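K.L.:
Here you go, sequence then predicted model.
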Amino acid sequence: KAGVTQTPRYLIKTRGQQVTLSCSPISGHRSVSWYQQTPGQGLQFLFEYFSETQRNKGNFPGRFSGRQFSNSRSEMNVSTLELGDSALYLCASSFQDYNEQFFGPGTRLTVL
Amino acid sequence: GNSVTQMEGPVTLSEEAFLTINCTYTATGYPSLFWYVQYPGEGLQLLLKATKADDKGSNKGFEATYRKETTSFHLEKGSVQVSDSAVYFCALLPTGGGADGLTFGKGTHLIIQP
């Protein structure tokens, strides 16, 4: 069974731009969560989608948004990029809840 | 709020040494507890979990016991290998679900020397 895939693996953007990251969950998984990982703040929860609906949301500004498609693939978007948005963005999928989450390799975003 | 505290390291050990990585948590009720491992350039992998007090999670020689009385979930391994070098994250899922997702500790960087 293929694992969670994330594209692209690396991104370089400049301040003010916007970016879209993609996540394909494990086949059959309906829940997709996104996390931001930085050296200073560690792993922080962004949001979770389940069956195309945002079910939970972390404490991030509205510049961070996401969506989920009918095939469970998910995208997250960050608008008006700031230097502090530089991070590894991890996507995790599970069948239904958080008790068995499988993580992708992440997308490394660098904002210059 | 919920929080997880773990030593950040780096923790450096020789091969075949005994490993303990401490993890303590703050949460109401009975959260589920997890250990994840992250190898260089990769995402997180679930190493083991425990969902109720006194449960012991185990996998690949690693063990951790859910201690409600000390709010701890320390990770142990009897004999580490060079291939165990990675970053280890302790995490919790609050009772009743994850409106805030999983809460992670800052991670412990483990280095095993041959």
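P.N.:
Yep, that arrived. Residues are numbered from 1 along each chain as shown, chains lettered A, B, ... in the order given.
K.L.:
in stretch B:85-103, what counts as buried?
P.N.:
Taking 16 or more other C-beta atoms under 10 Å in any protein chain shown as the basis for neighbour counts, the residues of stretch B:85-103 that come out buried are B:85-94, B:98, B:100-103. C-beta: built from backbone N, CA, C; applies to glycine.
K.L.:
ok so residue A:11 is a strand residue?
P.N.:
Yes: under DSSP: H, G, I helix; E, B strand; the rest coil, residue A:11 sits within a strand.
K.L.:
rewinding a little: of the buried residues of stretch B:85-103, the lowest pLDDT goes to which?
P.N.:
Lowest pLDDT of the buried residues of stretch B:85-103: residue B:98, 64.
K.L.:
rewinding a little: in strands, which of the buried residues of stretch B:85-103 appear?
P.N.:
When the buried residues of stretch B:85-103 are checked against strands using DSSP state E, the ones located there are B:86-93, B:103.
K.L.:
For those, give me a markdown table that also has distance to residue A:26.
P.N.:
Supplementary listing: those in a markdown table, determined by distance: C-beta to C-beta, whole Å:
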| residue | distance to residue A:26 |
| --- | --- |
| B:86 | 22 |
| B:87 | 23 |
| B:88 | 23 |
| B:89 | 20 |
| B:90 | 24 |
| B:91 | 19 |
| B:92 | 23 |
| B:93 | 19 |
| B:103 | 23 |
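K.L.:
follow-up on the earlier one: what's the closest of the buried residues of stretch B:85-103 to chain A?
P.N.:
Here the nearest of these to chain A, counting by C-beta to the nearest C-beta, is residue B:101; it sits at 3.1 Å.
K.L.:
residues contacting whichever residue of chain A sits closest to chain B?
P.N.:
Scanning chain A for the residue nearest chain B gives residue A:45, at 3.1 Å (criterion: C-beta to the nearest C-beta). With contact taken as C-beta atoms under 8 Å, 6 or more residues apart in numbering or on different chains, residue A:45 is in contact with A:33-35, A:56, A:58, B:98, B:100-103.
K.L.:
Save those as JSON lines, and put in distance to residue B:54 too.
P.N.:
Output for the contacts of residue A:45, formatted as JSON lines (distance: C-beta to C-beta, whole Å):
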{"residue": "A:33", "distance to residue B:54": "28"}
{"residue": "A:34", "distance to residue B:54": "33"}
{"residue": "A:35", "distance to residue B:54": "29"}
{"residue": "A:56", "distance to residue B:54": "29"}
{"residue": "A:58", "distance to residue B:54": "31"}
{"residue": "B:98", "distance to residue B:54": "23"}
{"residue": "B:100", "distance to residue B:54": "26"}
{"residue": "B:101", "distance to residue B:54": "26"}
{"residue": "B:102", "distance to residue B:54": "22"}
{"residue": "B:103", "distance to residue B:54": "21"}
